[in-house]
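> Just to be clear, the model below is a prediction. Sequence and coordinates:
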Amino acid sequence: MIGRLAEVDPVLGELEEELGSLNSPKTVKPCTLALIFKQDRSKVLLGYKKRGFGVGLYNGFGGKIQHEESALEGAKRELEEESGLTSEDLVKIGILYFEFESDPVILTAHLYTSDRFNGVPVETEEMRPEWFDINNIPFTKMWNDDKYWFSFAVENKPFIARFSFKSDLKTIVRHNINFVDPQLLNEVPIWYPKS
Ligand SMILES: CNc1ncnc2c1ncn2[C@@H]1O[C@H](COP(=O)(O)OP(=O)(O)OP(=O)(O)O)[C@@H](O)[C@H]1O
């Protein structure tokens, strides 16, 4: 049977098959990622990661989705934990699949944006928040995939993308990006890890 992702692109279909197969050696790590904009979208809030995966890089706010939590619930929780902000208006704008050479884990990032939020950004143990002008995003200090998709999030163009990294976590050996119907973003399963 052809799955929802295979309908979009065969490269995503392979991934869907691997993640959906009970015998697959691949395992998934579902994460969230939230980008908060000023209401006129002139600035975006990024966090400088002080520890853990992606330390030393600027990124949106997010982390692992807990078992049985929805992606949206996880996105709201992680946003609050890492930035001190709350938002009732997170809109899903993308799904990113990341693979790393010689690593069976496929990291998925469920990407949300919002230009309405409550609170004032606070520095936490994990992140130091900073507003950036939308025309001056610090791509050289971010994950290398970000420059490929960031503008689509800013412009509200729903997409699904897949990136394959070398084990240096820097070199992208293959990538593909597909614009999709926004409805599809909510239909693709989260594929919680098997145990
Ligand atoms: C490879 N290219 C990448 N490009 C852009 N963003 C990336 C990324 N790879 C991971 N991310 C994001 O980085 C955060 C990790 O979150 P992080 O909190 O460190 O996860 P961690 O496993 O430690 O979970 P806990 O927060 O402890 O639950 C999470 O938002 C995830 O979407």
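In hand now; what should we look at?
> now residue 62: how far from residue 78?
5 Å (CB to CB, to the nearest Å). C-beta: built from backbone N, CA, C; applies to glycine.
> Common neighbours of these two, please.
32, 34 (CB atoms under 8 Å, 6 or more residues apart in numbering).
> Can you name the residues bridging to residue 133?
Legend: beta-bridge partners of residue 133 under DSSP bridges are residue 43.
> Local confidence estimate at it?
Per-residue confidence (pLDDT) for residue 133: 98.
> Could you double-check that it lies in contact with residue 43?
Yes: if you go by CB atoms under 8 Å, residue 133 and residue 43 touch, sitting 5.8 Å apart.
> Those two: which is more packed in?
The residue with more neighbours, out of residue 133 and residue 43, is residue 43; 17 against 10, by other CB atoms under 10 Å.
> Quick check: longest helix in this protein by residues?
helix 71-83 (DSSP state H).
> quick one: is the next helix-or-strand element following it near the ligand?
The helix or strand immediately downstream of helix 71-83 is strand 91-100, counting by DSSP states H and E. Yes: part of strand 91-100 sits near the ligand under the criterion CB under 6 Å from any ligand atom, namely residue 98.
> which outside residues touch strand 91-100?
By CB under 8 Å, 6+ apart, the surrounding residues in contact with strand 91-100 are 12, 15, 33, 71-72, 106-114, 145, 149, 152-153, 156-167, 169, 182, 185-186, 188.
> Also stretch 53-61?
Where contact means CB under 8 Å, 6+ apart, the residues beyond stretch 53-61 that reach it are 33-36, 45-49, 78-79, 82-83, 85, 111, 127, 130, 132, 138, 141-143, 146.
> In helices, which of these fall?
Short answer: these in helices (DSSP H) are 78-79, 82-83, 146.
> Regarding stretch 53-64, how distant is the last residue from the first?
One end of stretch 53-64 to the other measures 11 Å (CA to CA, to the nearest Å).
> Start at 266, not 1
In the new count, where the first residue is 266, that last one comes out as stretch 318-329.
> buried stuff in it?
Judged by neighbour count using 16 or more other CB atoms under 10 Å, the buried positions of stretch 318-329 are 322-328.
> swap in stretch 338-358?
339-345, 347-350, 352, 355-358.
> Quick check: what element follows the helix or strand hosting residue 413 along the chain?
Assigned by DSSP H and E, residue 413 belongs to helix 411-419. Where DSSP H and E defines the elements, the next helix or strand beyond helix 411-419 is strand 424-430.
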